[in-house]
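**Student:** coordinates only, sequence not included:
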């Protein structure tokens, strides 16, 4: 399971009341996107997994859909003061097994990652966002993301974004995925490695939403991360994984409700 997989159920639940209310509340618009995406099987993997790519956005009246980067966690704003928004974020990290790695390393279970975000709209075309989340179960560590997005849009007809990313993890997170403890070393023959916290990866994400008609559209994204510091030096990554982490997806979107 991943964040997108889990949000599939949430998306379906969200669209049912929205569809029922359309006839009564013509001021609301909803855009639903669904399709496949390719993501690393686990942090540091050299293999790719196919997951659902789901997006749900709502807007009122003549307002544009609020910009959301394709790689940000599910969340909602709780407080907004001017151009600053603070809210709840929820991420998910799938499990990693010995079979996934191709070596007898310890398992890291499925992790739920609740947390929060702060974002600042510096200008109409520039947004900065920081997330921090805590793992419950699984890796049990802290994970954070810092990113900026340059956004060019023609209202909702076309929305293009691109921007840098920095991923940060604490020692517990890095030891779960990149460390080699005594049992791992004995089973695999790899040297012991005690990964410390810090920067995990640097990269870039780009996305594009394009309306083909007022109802139908296409949503695609691509993301590249490069592992650095201890994650890049991990014997597990060097022997069985990759420092290059690539993701991408494409979805067909459908918009219903009030139209301009």
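**Tutor:** The structure has been received and is ready for your questions. Worth saying up front: this structure is predicted, and the values here are computed from it rather than measured. Numbering: from 1, shown residues only.

**Student:** Run a quick check on residue 112 versus residue 137, I expect a contact.
**Tutor:** Yes - Residue 112 lies in contact with residue 137 (Cβ atoms under 8 Å); the separation is 6.4 Å. For every residue, glycine as well, the C-beta is placed using N, CA and C.

**Student:** Looking at these two, which has the bigger crowd around it?
**Tutor:** Neighbours per residue, other Cβ atoms under 10 Å: of residue 112 and residue 137, the larger number sits with residue 112, 17 against 13.

**Student:** Just the local confidence number for the more buried one, please.
**Tutor:** For residue 112, the pLDDT comes out at 96.

**Student:** residue contacts, the residue nearest to it when sequence neighbours are not counted?
**Tutor:** Leaving aside its chain neighbours, residue 112 sits nearest to residue 136 (4.7 Å; criterion: Cβ to Cβ, 6 or more residues apart in numbering). Contact analysis of residue 136 by Cβ atoms under 8 Å, 6 or more residues apart in numbering lists 111, 112, 113, 114.

**Student:** any idea how far the third one lies from residue 95?
**Tutor:** For residue 113, the distance to residue 95 under the criterion Cβ to Cβ, to the nearest Å works out to 13 Å.

**Student:** what about the helices in the chain?
**Tutor:** Here the chain has its helices, by DSSP state H, at 3-21, 98-101, 171-178, 182-188, 229-233, 235-240.

**Student:** Comparing those by mean pLDDT, which bottoms out?
**Tutor:** Across the helices of the chain, helix 3-21 gives the lowest mean pLDDT, at a mean of 44.

**Student:** Neighbour count for residue 113 and residue 95, which is higher?
**Tutor:** Between residue 113 and residue 95, counted using other Cβ under 10 Å, residue 113 has the larger neighbour count: 24 against 16.

**Student:** From residue 129, how far out is the most far-flung residue of the chain relative to its centre?
**Tutor:** In the chain, the greatest distance from the average C-alpha position (Cα atoms, centre = their mean) is reached by residue 186, at 34.3 Å. Distance, residue 186 to residue 129, by Cβ to Cβ: 42 Å.

**Student:** How about residue 56?
**Tutor:** Per Cβ to Cβ, residue 56 is found 19 Å from residue 129.

**Student:** ok, the two, which is more surrounded?
**Tutor:** Comparing residue 56 with residue 129 by other Cβ under 10 Å, the one with more neighbours is residue 129, at 23 against 20.

**Student:** who's in contact with the more buried one?
**Tutor:** Residues in contact with residue 129, defined by Cβ under 8 Å, 6+ apart, are 69, 72, 117, 118, 119, 120, 145, 146, 147, 148, 149.

**Student:** I would like a ChimeraX command selecting only the buried ones among these, please.
**Tutor:** Burial among those is assessed by 16 or more other Cβ atoms under 10 Å; the matching ChimeraX selection reads:
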select :69,72,117,119,145,146,147,148,149
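
**Student:** tell me, what residue is most central in this structure?
**Tutor:** Nearest residue to the geometric centre of the chain (Cα atoms, centre = their mean): residue 71, 3.5 Å.

**Student:** if I pick that one, what's in contact with it?
**Tutor:** Counting by Cβ under 8 Å, 6+ apart, residue 71 has contacts 147, 165, 205, 221, 223, 247.
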